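Engineer: here is the input, now give the coordinates:
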Amino acid sequence: MSSASPTIMWFRRDLRLSDHAALTAAVARGGPVIAVFIRDALVDDLGAAPKWRLGLSIDSLAQSLAAKGHQLILRSGPALDVLQALIAETGAGAVYWSRLYDPASIARDTEVKAALSADGIEAKSFRGHLLYEPWTVETKTGGFYKVYTPFWNNVKNTPQGAALAAPAKISAPDVWPTSEPLTNWAMGAAMNRGASVMHAHARVGEAAAQNRLGLFVEDIVADYIDGRNLPWKDGTSNLSDSLALGEISPLQCWEAGSRARHEGKQGAEVFLKEIVWREFAYHLMHHTPRILTGNWKEGWDAFPWNTDETKPEVIAWKQGRTGIPFVDAAMREMYVTGKMHNRGRMIVASYLTKHLMTDWRIGQKWFEECLTDWDPASNAMGWQWSAGSGPDATPYFRVFNPVTQLDKFDKNRDYTNRWLAEGRSNPHADAQSYFNAIPRSWKLSALDQYPAAVVTPEQGRKNALSAYENRDF
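Structural biologist: Residues are numbered from 1 along each chain as shown. Here you go, the predicted structure:
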């Protein structure tokens, strides 16, 4: 095909213009670039909160392209059908995209690449969602890593290329293909009234992500070692949703963290380790995709977890009404902001899987519905790490005590006071927002009494250890 033929740039979870290898290559190929986002089954199947957040990011990308005199074409349907239709309409000779690594995306992309190649179209994928693609990191014996620390030691000194600048100009076609209105997609429909509450806490788009990264490395990363464990403090990068949607690249985060480490900022290396922890999750998902749906460690299928998510204690967990302040505050933070502090995630996951003896997949599924920063690999590994069934996991007999954890990390109760309203004469505005975000069918009010613990830390620990010690595996 002539290099002057249009190139279709298929955006997915790479919703930015800078450090975008596929977009840079599309521009370099010559000829017009047709940017498209496709609402296919994988988009339709997203949970309520991540789909709503994706809609905001798509809109932000469209605005970024518009500032360069370009358009983002929106189409619905099976990806291959949409792309073939666009090729027929525009005479495009190439389709470029950034690689994804979950099994469903791999299956879709493999089909697309094979079909387009058979039609004589240049179908090419590029790195961009990860620093280290899963098949590029191996143990000395040629296998994959099952433990994080050796993985980190392998990759920590690997040279990285420089992040790419955003294209100065993106050539436009003479005639734009038709595009569906984003409003017709109703990306936030399942959020109902919760969308307006969550919107106040959303930081959307590439520019916002870059600004946050700059603030983090300038003012926050030096205290990251301790600050990241304090849920009441602005002590983390707070970039998880931007990374999940590709509004910022992991390389951009790595470069900023590396500069901070070079400047002697103490927490910078720990931040880099957290970036690589995300990489490790993708490494494991690629090599052992069972981590997404089943117990990673052999034998754990026999563990006597509760699998009934209609049990009252599980419903109480979902509603943030367990009577355990740390657990409830963290769950309510999620309903109001779309995210949850990492210390809170460990506590709520441990409480569900150990104190309530409930299958981690129930929690995984609920987070998939409620988190705006939902990520398939990180979510699965995080739940299995907490449950004890996963790779590099905390041992099952290590049971977080949510009361002593609160004493340690929220000594003055700033976090719980921010998110819990019941029994307080003048509750924080965020605590009251929870009642505006949750489903009306829950019939909860700030005037309700705060509940007694559905399972006390002492009893929960006893139950968990008894099950572990008497396990039949």
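
Engineer: so for the least confident helix or strand in the chain by mean pLDDT, what gets flagged as buried?
Structural biologist: Scoring the helices and strands of the chain by mean pLDDT, DSSP states H and E places helix 457-469 at the bottom, with a mean of 90. Within helix 457-469, the residues that count as buried by 16 or more other CB atoms under 10 Å are 457, 460-461, 463-464, 468. (C-beta placed from N, C-alpha, C; glycine too.)

Engineer: list the helices and strands it packs on?
Structural biologist: Secondary-structure packing of helix 457-469 (3 or more CB pairs under 8 Å, 6 or more residues apart in numbering; DSSP states H and E): helix 402-409.

Engineer: next one: the helix it packs on to chain centre, how far?
Structural biologist: Taking CA atoms, centre = their mean, to the nearest Å, one finds helix 402-409 lying 26 Å from the centre of the chain it belongs to.

Engineer: what mean pLDDT does it get?
Structural biologist: Averaged over helix 402-409, pLDDT sits at 96.

Engineer: stretch 368-387 too?
Structural biologist: Rounded mean pLDDT across stretch 368-387 is 96.

Engineer: go on, stretch 303-311?
Structural biologist: On average, stretch 303-311 scores 95.

Engineer: send me the top strand by length along the chain as CSV with only the CA atoms.
Structural biologist: When the chain is parsed with DSSP state E, its longest strand is strand 33-39. Taking Å, rounded to 0.1, in the frame of the first residue of the first chain, the C-alpha atoms of strand 33-39 are listed here in CSV:
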residue,chain,number,x,y,z
VAL,A,33,-4.4,9.4,10.6
ILE,A,34,-7.9,8.4,11.6
ALA,A,35,-8.2,8.1,15.3
VAL,A,36,-11.0,5.7,16.4
PHE,A,37,-12.4,4.3,19.6
ILE,A,38,-14.6,1.2,19.4
ARG,A,39,-17.3,0.3,21.8
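
Engineer: buried set for the next helix or strand after it?
Structural biologist: Going down the chain from strand 33-39, the next helix or strand is helix 41-44, by DSSP states H and E. Neighbour counts using 16+ other CB under 10 Å place 42-43 of helix 41-44 among the buried residues.

Engineer: repeat that for stretch 187-207.
Structural biologist: Applying 16+ other CB under 10 Å to stretch 187-207 flags 187-188, 191, 194-195, 197-198, 202, 204-206 as buried.

Engineer: for that stretch, give the mean pLDDT please.
Structural biologist: Rounded mean pLDDT across stretch 187-207 is 96.

Engineer: ends of it, what's the gap?
Structural biologist: End-to-end distance of stretch 187-207: 22 Å, with CA to CA, to the nearest Å as the criterion.

Engineer: centre of the chain versus that stretch, how much separation?
Structural biologist: 15 Å.

Engineer: ok, now stretch 218-225?
Structural biologist: That offset, for stretch 218-225, works out to 22 Å (CA atoms, centre = their mean).

Engineer: ends of that stretch, what's the gap?
Structural biologist: Counting by CA to CA: the opening and closing residues of stretch 218-225 are 15 Å apart.

Engineer: what do you get for stretch 192-201?
Structural biologist: 16 Å.

Engineer: hang on, isn't residue 234 packed against residue 220?
Structural biologist: Yes: between residue 234 and residue 220 a contact is recorded at 6.7 Å, counting by CB atoms under 8 Å.

Engineer: between the two, who's got more neighbours?
Structural biologist: residue 220 (22 against 11; other CB atoms under 10 Å).

Engineer: so what's the closest residue to residue 39 other than its chain neighbours up against?
Structural biologist: Closest residue to residue 39 apart from its sequence neighbours, by CB to CB, 6 or more residues apart in numbering: residue 76 at 4.5 Å. By CB atoms under 8 Å, 6 or more residues apart in numbering, the contact set of residue 76 is 38-40, 82, 180, 185.

Engineer: could you list the domains of the protein?
Structural biologist: 1-128, 130-162+192-287, 300-469 (automatic domain parsing).

Engineer: which residues touch stretch 312-322?
Structural biologist: 306, 308-309, 323, 327-332, 335, 348, 351-352, 356, 358, 362, 366, 434, 438, 442, 444, 451, 453-455.

Engineer: restricting to C-alpha, output stretch 427-439 in PDB.
Structural biologist: Provided in PDB are the C-alpha atoms of stretch 427-439 (Å, rounded to 0.1, in the frame of the first residue of the first chain):
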ATOM      1  CA  PRO A 427     -20.500  14.500  59.900                       C
ATOM      2  CA  HIS A 428     -18.000  15.400  57.200                       C
ATOM      3  CA  ALA A 429     -19.400  16.300  53.800                       C
ATOM      4  CA  ASP A 430     -17.800  13.300  52.200                       C
ATOM      5  CA  ALA A 431     -19.400  11.000  54.800                       C
ATOM      6  CA  GLN A 432     -22.800  12.400  53.900                       C
ATOM      7  CA  SER A 433     -22.000  12.000  50.100                       C
ATOM      8  CA  TYR A 434     -21.900   8.300  50.600                       C
ATOM      9  CA  PHE A 435     -25.700   8.300  51.200                       C
ATOM     10  CA  ASN A 436     -26.200  10.200  47.900                       C
ATOM     11  CA  ALA A 437     -24.000   7.800  46.000                       C
ATOM     12  CA  ILE A 438     -25.300   4.400  47.000                       C
ATOM     13  CA  PRO A 439     -28.400   2.700  45.600                       C
END
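
Engineer: now that stretch: buried residues?
Structural biologist: Per 16+ other CB under 10 Å, stretch 427-439 contains these buried residues: 427, 430-431, 433-435, 437-438.

Engineer: ok so, going back, can you put the buried residues of helix 457-469 in a markdown table and add distance to residue 253?
Structural biologist: Formatted as a markdown table, these follow (distance: CB to CB, whole Å):
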| residue | distance to residue 253 |
| --- | --- |
| 457 | 36 |
| 460 | 37 |
| 461 | 37 |
| 463 | 40 |
| 464 | 36 |
| 468 | 37 |
